Structure formats: C-alpha cells, structure tokens
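> return a 3D structure for these sequence lines:
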Amino acid sequence: MNVALFGTTPEQVDGTARFVEETANKLVEKKICTAHDIGSLIASSTSDCVLVVGGDDLNGDMPGEVLKGTDVQLHSVAEVGYEAAGIVAEGLRTGTAGLLKKEQRFVVNVPGTRTSVHAVLHTIQKMMSSSEEDSIASHIPKPVITDRPRTSPHQMFDVENALKLIETHTTPQTQTAIFSLHDSIGLYTSSSINAQYDHPPFPASIKDGYAVRSAYPAGTYKVSTEAVTAGGNASATLPANEICRISTGGAVPTGADAVIQVEDTQLIDRNTANDTETSVAIRTQAKPGQDIRPVGSDIKKGTVLIQRNVKITPAEVGILSSSGYKEVRCFRKVRAAVFSTGNEVREPAMIETGLRPGEIYDSNRTMLLAALKEEGVEVIDMGIVPDNKETLVKALHTACERADIVLTSGGVSMGEKDHIKSCLQDISATTHFGRVEMKPGKPTTFATKGDTSIFCLPGNPVSCIVCFHLFCLPAIRKKSGSPHLRHPVVKATLTSTLPLDRERPEYHRVSLSFTEAGFSACSTGRQLSSRLLSMHKANGLLCLPKGTAERPAAVEGGVYECILFGRLW
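Model prediction:
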C-alpha cells in the first residue's frame with residue numbers, strides 16, 4: 001500500500017515516517033507544510049492512504065475545516081465503527097482524529113506513535129481489501145489482552161536523574177499579584193523589596209531610665225518636668241544640668257546623647273502633690289550613645305528588606321510592616337488538579353454505607369489534596385475517573401487547561417486497565433520518564449504539556465505519598481518561586497537491622513529524632529506499599545541501597561542518608 005505523510009513539524013513527520021517504514025507499506029510522499037496547505041495536499045494526493053500527523057498543531061481543525069473546498073467525503077468515527085472496535089484507544093485521538101474516504105483512499109489524522117501508526121495502517125489495509133463496504137468496522141482489529149506488552153517501553157531512571165529531569169522541564173509560573181500581608185503568608189516574593197524609611201526613624205531609647213548628657217558625672221540632678229514615653233513627645237529638648245525620664249522606645253530629647261537605666265539611679269526627692277520626681281542621683285557616668293538606637297541603626301532607608309523568591313512568613317510580615325508596607329507583590333498560588341483513577345475506587349463514606357466486593361475507598365486523592373494544601377497550593381478536586389480511556393483523556397485535557405500541575409493516582413503500571421501512560425500520548429504530552437528505580441513507586445511517570453507538569457503516581461497509597469514528597473514537591477516549589485526545591489537530607493543512625501531489597505533501592509519510612517548523639521531513625525514497621533500505616537508517625541525516608549549477597553541487610557548502628565519530610569518532635 002502506498003502511503004503519503006503530511007505534517008507541520010519536521011520532528012513529527014520524520015518520527016512517523018520511521019514507523020511507516022517499519023511496516024510492509026511504501027512511503028511514497030512525505031511533506032512538511034503549514035496547516036493551511038494540508039487540505040489541498042490531501043485532495044491532490046494519489047496515494048492509497050494519507051496520514052496527517054500533528055492534530056494539535058491544526059488547532060482541532062483536522063479533519064473537517066482543513067478539507068473545506070475539496071471533494072473528500074468525511075466519515076465520522078462512529079460511522080466506521082472505530083469506537084465500537086476500540087481502535088480509538090490504539091490509533092486515533094478523540095477530538096482531532098477522523099477518517100476520510102475518497103473512492104478507495106483513506107485519510108487519517110494520527111498521533112505520531114509507533115503503536116498508532118502500525119494499528120491504523122493495519123486497519124486500512126483490511127478495509128481496502130474488503131468487498132463489503134458497509135461492514136468496514138468488522139475488519140478493525142479489536143484489542144487483544146493476550147497481545148498486551150509484557151515489558152515496559154519506558155527506560156528506567158534512578159531517582160537523582162528523575163529529579164534532574166523534573167527540575168529541567170518544570171516551568172516556573174510567572175503570574176504575580178498584590179496581596180495583603182495577611183493573605184501573603186506562604187507565597188514567594190516576585191521582586192526585591194526596599195525599605196521606605198529609616199528604622200528607627202528617630203534616636204530611640206533601649207532602656208527604661210533617664211536621658212542624660214554623657215558629660216554629666218555621677219551625682220544628683222534635677223528631673224525635667226517633661227517625661228518621654230514611647231509614642232510621646234519626639235521634639236523635647238533636655239535643659240542643661242537636668243535629666244529626663246524616658247521609656248523604652250521613646251525618642252531621645254535633643255541635647256541628650258545617652259540613657260542611664262533606672263537600675264543605676266536613686267530617687268532623692270519627689271513632689272507628692274502631683275506624684276512627680278524632682279531630683280534623682282545617677283550612680284555612674286554614661287558613655288556617648290549608651291543605650292540609644294541611632295536613626296536607621298536597624299534598617300537604612302533604601303536597603304533591601306526582602307530579596308526576590310523569599311517565602312513570606314510571620315517574620316517577613318513584621319519586617320514589611322515596620323517599613324510601612326501593608327501589601328506585597330508575590331507570585332500567585334500554584335494551582336494543582338488532582339484525580340484518582342479506577343473502577344474500584346469509591347468516595348469515602350459512612351461505614352454503614354459499606355462497599356461492594358472488590359471496591360475500596362479513595363485515600364490517595366484525599367491524601368494528596370491535604371498535602372497540597374499544607375504546601376499552600378490552590379487545589380482543584382476532579383474526583384474519581386473510571387478506567388475508560390476516552391474519559392481519562394478528557395479528564396487530562398481539562399486538568400491541563402485549568403492547572404499548573406496535574407496529579408493522578410493509579411493506572412500507571414502494566415495492567416490491562418492501566419491507560420494513563422497512553423493517554424499522555426493522546427493529549428500530546430511529552431513523557432520524560434515512566435519508570436524509576438526505587439521502592440516504592442517504580443511506575444511513577446512525569447510528563448509535560450506546555451507549561452503544565454503532569455505526575456502520574458502509583459495507585460498504592462504509600463507509593464503515592466512517597467513519590468509526592470520525592471518528585472511532586474520539587475516541581476510545586478519551582479513553580480511557586482522557591483529557590484529550595486527538595487526536602488533537606490540528614491545523616492541518621494539506624495536503630496534496628498533491616499533487610500535490603502535485591503532489586504531496587506528503598507525509601508524506608510522512619511521516625512526520625514535528634515539526640516545528643518545526632519539523628520536516629522526508627523522503622524515504622526512493615527513497609528508494604530499498600531500499608532499506609534507505615535506513614536503514620538513517619539517524618540523521614542531512609543535511603544537504603546540495593547541489597548547484594550555480600551550486603552543483605554542494613555545493620556543496626558549503620559549511618560544512612562535520610563530525607564526529612566516532616567517535623568522533628
């Protein structure tokens with residue numbers, strides 16, 4: 001069968017051409033063109049089959065709008081039985097995909113993947129050999145469970161290289177907004193912020209006591225009738241040979257250059273009628289500047305108060321307030337869309353509602369939503385999506401349109417209902433890794449579509465939350481504006497001997513504590529990826545190496561790196 005191939009980018013066309021040449025068909029025409037030219041190229045082609053690659057580049061116009069003005073007859077997917085035969089899951093994308101028929105020529109908008117190209121060409125060869133044109137659908141190969149892949153097509157990455165891919169391909173979001181100081185907690189500054197005023201704006205007393213001239217020797221002095229308290233008269237003047245009562249934070253009177261604390265004085269005389277001090281003895285001579293904060297001694301006007309990419313905490317709120325700010329410009333909150341997958345997954349409900357045999361409650365989504373809120377992320381709860389490829393594709397499309405980061409759980413392994421990884425191809429996402437050499441969490445997948453980061457996490461709840469801490473948080477923090485992407489790592493001493501896995505390095509859940517001897521790590525018990533209780537009271541992930549015949553276990557007293565993801569108590 002002669003095949004023509006048209007597309008809008010060299011990468012897509014060249015990649016698809018290689019897949020065509022792997023079949024028994026002959027590639028007679030290959031052109032890179034604009035979306036505007038594709039319609040005329042299809043109409044003029046004499047090939048038995050025309051493949052158009054790059055539906056997303058055509059903005060959804062293939063196959064209808066591109067072919068206006070041609071005599072090519074458009075058949076809907078349903079007309080030729082594609083959905084009934086399940087071929088959409090193998091070869092064609094919903095939305096931008098279609099099949100067109102002109103005499104015995106067929107035109108298909110196809111994703112540029114090996115599976116899609118092979119499936120479509122096989123289907124059309126059978127269609128063209130059919131003498132019963134009304135039964136085209138009977139020749140479309142249905143998915144066969146026994147033909148499913150037995151090995152993953154994805155390269156295995158170690159954790160460090162997987163993290164580097166995430167950090168490289170995660171795009172920081174750039175949208176900023178002005179927030180009240182109260183609402184800015186947890187956000188990151190989008191630019192440096194300078195002091196608007198000197199702080200303190202006047203010479204301020206550090207102690208409760210008396211403003212004096214440093215030239216005064218120890219002795220008895222008349223007390224000025226004008227006392228200075230914090231917030232009081234800031235323009236007072238100290239007469240010669242007098243001292244002035246002053247409170248902490250009060251403005252030092254003109255003429256005074258020191259403060260003597262009240263503890264270094266003695267009351268000599270008072271006016272009982274109006275309860276005032278009239279004379280006080282100072283027991284020591286003050287030094288110039290003693291117990292006075294000079295103008296701008298804390299913060300000079302124009303100096304940088306807070307750098308860019310700093311997280312706003314209560315301390316930053318106080319600093320900004322001290323310089324007169326009531327608002328601050330920050331990067332907006334990161335938006336994350338979350339959904340669980342699986343026909344067996346149900347919303348948590350009252351115990352008396354019960355579950356049918358084979359069903360489980362959804363713990364992953366609720367756990368991820370809580371973890372995201374703890375990180376200050378704006379969450380979009382998309383619920384539970386069944387194991388239906390068309391539904392999953394629509395959910396991924398919607399999530400990518402609404403969020404900066406998409407988190408899914410389940411459907412990433414090798415089961416017959418594990419569709420998520422192929423759905424990423426269907427939405428034209430770029431998969432950067434689909435397997436990681438680690439326990440738990442081996443099938444974790446990271447992809448991007450435009451500026452949106454997509455994390456497809458395993459369905460086992462421990463794998464899900466461990467991989468969230470290892471992989472999702474660095475991406476969230478990069479998009480938030482944080483310069484610190486990963487959890488801190490410490491060295492910890494193991495309190496018991498643990499067997500090592502012979503196939504993969506393990507991230508063992510531990511309770512980490514600090515003593516005079518340093519950090520110690522205590523296992524939280526059985527480490528099954530389905531046993532969420534192993535995360536209870538865990539605040540660290542102990543990084544255990546792969547076991548060998550010579551090193552079958554991590555021994556008590558051994559020192560290992562530990563990722564600190566929770567608080568130390």
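> what are the ranges of the helices in the stretch 251-400 of the chain?
Secondary structure of the stretch 251-400 of the chain (DSSP state H, counting those that start in this stretch): helices at 314-322, 364-374, 389-402.
> could those helices go into a markdown table alongside mean pLDDT and distance to residue 175?
Backbone N, C-alpha and C define where each C-beta goes, glycine included. Listed next are the helices of the stretch 251-400 of the chain as a markdown table, based on pLDDT from 0 to 100; distance: least, Cβ to Cβ, whole Å:
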| stretch | mean pLDDT | distance to residue 175 |
| --- | --- | --- |
| helix 314-322 | 96 | 20 |
| helix 364-374 | 96 | 18 |
| helix 389-402 | 95 | 14 |
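> of those helices, which is nearest residue 110?
Evaluated with Cβ to Cβ, the helices of the stretch 251-400 of the chain place helix 389-402 nearest to residue 110, the distance being 15.2 Å.
> so how far is whatever helix or strand comes next after that closest one off the chain centroid?
Helices and strands here follow DSSP states H and E; after helix 389-402, the next one along the chain is strand 405-409. Chain-centre distance of strand 405-409: 10 Å, with Cα atoms, centre = their mean, to the nearest Å.
> for strand 405-409, which outside residues touch it?
When contacts are defined by Cβ atoms under 8 Å, 6 or more residues apart in numbering, strand 405-409 is touched by residues 334-341, 364-365, 368, 372, 377, 385, 396, 399-400, 420, 452-459, 464, 468, 472, 475-476, 479.
> same thing but 7 Å
334, 336-341, 364-365, 368, 396, 399-400, 420, 452-457, 459, 464, 472, 475-476, 479 (Cβ atoms under 7 Å, 6 or more residues apart in numbering).
> quick one: secondary structure of residue 16?
What DSSP: H, G, I helix; E, B strand; the rest coil gives for residue 16 is helix.
> next: the one 3 residues further on.
Three-state call for residue 19 (three-state DSSP): helix.
> can you classify the closest residue to it other than its chain neighbours by secondary structure?
Spatial nearest neighbour of residue 19, excluding adjacent residues (Cβ to Cβ, 6 or more residues apart in numbering): residue 117 at 3.9 Å. Of the three states, residue 117 takes helix under three-state DSSP.
> gap between residue 117 and residue 20?
Remark: distance between residue 117 and residue 20 (Cβ to Cβ, to the nearest Å) = 6 Å.
> with residue 242 instead?
According to Cβ to Cβ, residue 242 and residue 20 sit 100 Å apart.
> quick one, what contacts the residue nearest the centre of the chain?
Centroid-nearest residue in the chain, with Cα atoms, centre = their mean: residue 476, separated by 1.7 Å. Going by Cβ under 7 Å, 6+ apart, residue 476 touches 334, 375, 377, 405.
> any chance of these in TSV, plus distance to residue 355?
Compiled in TSV, these are given as follows (distance: Cβ to Cβ, whole Å):
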residue	distance to residue 355
334	34
375	31
377	30
405	30
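> returning to what we had before: of residue 117 and residue 20, who's got more company?
Remark: of residue 117 and residue 20, residue 117 carries more neighbours, 28 against 20, as counted by other Cβ atoms under 10 Å.
> give the buried residues for stretch 247-255.
247, 249-253 (16 or more other Cβ atoms under 10 Å).
> oops, could you answer that again for stretch 207-217 instead?
Of all the residues in stretch 207-217, those buried under the rule 16+ other Cβ under 10 Å are 207-213, 216.
> with stretch 526-534 instead?
For stretch 526-534, the neighbour count (16+ other Cβ under 10 Å) marks 527, 529, 531-532, 534 as buried.
> which other residues reach it?
For stretch 526-534, the external contacting residues (Cβ under 7 Å, 6+ apart) are 363, 440, 460-463, 508-509, 524-525.
> burial measure for residue 109, as a count.
Applying other Cβ under 10 Å, we find 27 other residues in the vicinity of residue 109.
> could you do residue 108 as well?
Count around residue 108 with other Cβ under 10 Å applied: 23.
> secondary structure element holding it?
Per DSSP H and E: strand 105-110 holds residue 108.
> give me the sheet partners of that strand and which way each runs.
Paired strands of strand 105-110, with direction, are strand 49-53 (parallel), strand 99-102 (antiparallel) (DSSP bridges).
> by mean pLDDT, show me the worst of those.
Lowest mean pLDDT within the strands paired with strand 105-110: strand 99-102, a mean of 46.
> and the two most separated of the buried residues of stretch 247-255?
249 and 253, at 14.1 Å, using Cβ to Cβ across those.
> what about the closest residue to residue 484 other than its chain neighbours, which SS state?
Spatially, and ignoring its direct neighbours in sequence, residue 484 is nearest to residue 477 (6.7 Å; Cβ to Cβ, 6+ apart). Following three-state DSSP, residue 477 is assigned to helix.
> correct me, but residue 477 touches residue 486?
No. Residue 477 is beyond contact range of residue 486, at 8.3 Å (criterion: Cβ atoms under 7 Å).
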